[in-house]
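Colleague: Have a look at this fold, sequence not included:
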């Protein structure tokens, strides 16, 4: 049996989360009885012990603990990715258009002379081996290039690449040093850094915060290309992209070269930003310094692959870019959501609090959206239509409103009320009715 991929294992662990049972042990026992279809379409079952091992490895080491314990860079150069190597070759190939004969040594020498590669990154023998292994200079390299350069987009915001990098240690509010995580987004066509921000934690909340900043800052991309990490595969990220109209794509498992541009940017961060004498006293200071470096040095500096500033290349396509205007309604695109059923009294419960709708939705199934940081603000959606903000139920106020409405409700003119006065409407109305009969 082939070794299950990390993505396949995460699907099984996801089933554990929603399985019946009061304890993890009971949930895993339920899942061990299920069959799962792998990437090749075959049904597979796993024992309780196997699933338990995956669960506790993921709990202690995260997504990296799900991979087989084999060096991830086995057979690969450790300082350059295949995509970066292909990009370097393509930059120097135009210099050989007038030459009928050239070989791999000439290409490598030209890459070094132009400063695109250096011998510390890749040795000549490794360079030659990769050209042969990936057929970068074969007769059908045009087809190969299309497969590997499918991400070299023509216009800005056609595709963004996103990933996470481990950053420097910074002190938190309690004075404890914690290693930061940099979440960054790069536009494929212009190489503009759409947004980058350091966080103490890498989770769904921090990714959504970074994603929201990127969308407001640089517009909405047509596609977002990410890896198969747990936060990038979460249901909330998928839902947000679906609401905004951005296609969420995942790189093949164990294919780091597929996101070569963001990986190359991370190397630049290590080589040119982190070597500075930075103020690491708190997270805000680090992020301010990083924002200044990105906008003034990286986005405004000449990019070797473009021959121009990334921000200028991004500006070429401003007319095509759809910007997300800051507003309350647009902020709700990034809210979390859950389903609820409205009771006959037009109320529903969320986090042990009863709310009521301003619109009659009795007996309906609704969707509520809420800010993760302010869950007391509940927005009601019904059939994808925004109904409005729900109100927390106040039985006393509602009781007073009903009495006020009864006292001020318009009534039809009744001769009996005129005759006996308005002080005993119900009794007089009854008498009037009897008299009429």
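Modeller: Perfect, I can see it now. Values in this document were obtained by computation on a predicted structure and should not be read as measured data.

Colleague: Leaving out chain neighbours, which residue sits closest to residue 389?
Modeller: For residue 389, ignoring the flanking residues on the chain, the nearest one in space by CB to CB, 6 or more residues apart in numbering is residue 379 at 5.7 Å. Every C-beta, even on glycine, is put in place using the N, C-alpha and C of the backbone.

Colleague: Could you look up the SS state of that neighbour?
Modeller: strand (DSSP: H, G, I helix; E, B strand; the rest coil).

Colleague: cool, residue 388 as well?
Modeller: strand.

Colleague: how near is it to residue 266?
Modeller: To residue 266, residue 388 is 43 Å away according to CB to CB, to the nearest Å.

Colleague: of those two, who's got more company?
Modeller: A direct count of neighbours by other CB atoms under 10 Å for residue 388 and residue 266 places residue 266 higher, at 20 against 12.

Colleague: Show me what the helix or strand encompassing residue 128 is packed up against.
Modeller: Assigned by DSSP states H and E, residue 128 belongs to helix 124-134. Under the contact definition 3 or more CB pairs under 8 Å, 6 or more residues apart in numbering; DSSP states H and E, helix 124-134 sits against helix 82-92, helix 104-113.

Colleague: so what's the nearest residue to residue 375 once chain neighbours are set aside scoring on pLDDT?
Modeller: Spatial nearest neighbour of residue 375, excluding adjacent residues (CB to CB, 6+ apart): residue 351 at 6.3 Å. On pLDDT, residue 351 comes in at 86.

Colleague: now residue 351: how far from residue 364?
Modeller: 20 Å.

Colleague: tell me the domain ranges of the protein?
Modeller: For the chain, automatic domain parsing gives the domain ranges 6-66, 82-148, 160-320, 335-395.

Colleague: Between the two ends of the longest one, how far is it?
Modeller: Start-to-end span of domain 160-320 (CA to CA, to the nearest Å) is 15 Å.

Colleague: Just list the residues touching residue 336, thanks.
Modeller: 236, 369-372 (CB atoms under 8 Å, 6 or more residues apart in numbering).

Colleague: So which of these belong to helices?
Modeller: Judged by DSSP state H, those include residue 236 as members of helices.

Colleague: and which of the contacts of residue 336 is nearest residue 347?
Modeller: Taking CB to CB as the measure, residue 347 lies nearest residue 370 of those, at 16.4 Å.

Colleague: ok so, going back, just the buried residues from the contacts of residue 336, in ChimeraX please.
Modeller: This is how ChimeraX selects the buried members of the contacts of residue 336, with burial counted by 16 or more other CB atoms under 10 Å:
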select :236,369,370
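
Colleague: And the one helix or strand residue 194 maps to, how far out from the chain middle?
Modeller: Residue 194 is part of strand 193-199, with elements assigned from DSSP H and E. In terms of CA atoms, centre = their mean, to the nearest Å, the centre of strand 193-199 is set 13 Å apart from its chain centre.

Colleague: Which neighbouring elements make contact with that strand?
Modeller: Strand 193-199 packs on strand 160-171, strand 177-187, helix 204-218, helix 283-293, going by 3+ CB pairs under 8 Å, 6+ apart.

Colleague: Quickly run through the sheet partners of that strand, with directions.
Modeller: Here strand 193-199 is paired, per DSSP bridges, with strand 177-187 (antiparallel).

Colleague: Show me how far the strand it pairs with is from its chain's centre.
Modeller: For strand 177-187, the separation from the chain centroid amounts to 14 Å (computed by CA atoms, centre = their mean).

Colleague: what number of residues lie near residue 325?
Modeller: 7.

Colleague: List the contacts of it.
Modeller: Per CB under 8 Å, 6+ apart, neighbours of residue 325: none.

Colleague: Name the helix or strand for it, please.
Modeller: Judged by DSSP H and E, residue 325 forms part of no helix or strand.

Colleague: Residue 87 and residue 310, how far apart?
Modeller: According to CB to CB, residue 87 stands 15 Å off from residue 310.

Colleague: Looking at the two, which is more packed in?
Modeller: Using other CB under 10 Å, the more surrounded residue of residue 87 and residue 310 is residue 310, with 24 against 19.

Colleague: Model confidence for the more buried one, exactly?
Modeller: pLDDT, residue 310: 94.

Colleague: Mind checking which of residue 351 and residue 364 has more residues around it?
Modeller: Using other CB under 10 Å as the criterion, residue 351 and residue 364 rank with residue 364 on top: 17 against 10.

Colleague: so the more buried one sits right up against residue 344, yeah?
Modeller: No: counting by CB atoms under 8 Å, residue 364 stays clear of residue 344, with 10.9 Å between them.

Colleague: Run a quick neighbour tally on the residue lying closest to residue 202 once chain neighbours are set aside.
Modeller: By the measure of CB to CB, 6+ apart, the closest residue to residue 202 outside its immediate chain neighbours is residue 181, 4.3 Å from it. Close neighbours of residue 181, defined as other CB under 10 Å, add up to 18.

Colleague: Roughly how far does residue 181 sit from residue 235?
Modeller: 21 Å.

Colleague: ditto for residue 180
Modeller: 26 Å.

Colleague: cool, and residue 104?
Modeller: From residue 104 across to residue 235, the span is 47 Å (CB to CB).

Colleague: Those two: which is more packed in?
Modeller: residue 104 (17 against 11).

Colleague: Could you verify my assumption that the more buried one touches residue 127?
Modeller: Yes: counting by CB under 8 Å, residue 104 does reach residue 127; the two are 7.0 Å apart.

Colleague: How about the contacts made by the most centrally placed residue in the chain?
Modeller: By CA atoms, centre = their mean, the mean C-alpha position of the chain lies nearest to residue 237, the distance being 4.0 Å. By CB under 8 Å, 6+ apart, the residues touching residue 237 are 204, 207-208, 211, 231, 248.

Colleague: can you pull the pLDDT of it?
Modeller: The per-residue pLDDT of residue 237 was computed as 90.

Colleague: Residue 193: which of the contacts of residue 237 is nearest?
Modeller: Nearest to residue 193 among the contacts of residue 237, with distances taken as CB to CB, is residue 211, at 14.0 Å.

Colleague: correct me, but the closest one touches residue 333?
Modeller: No: proximity of residue 211 to residue 333 does not meet the contact threshold set by CB under 8 Å, at 10.3 Å.

Colleague: Between these two, tell me which one has more neighbours.
Modeller: residue 211 (23 against 17).
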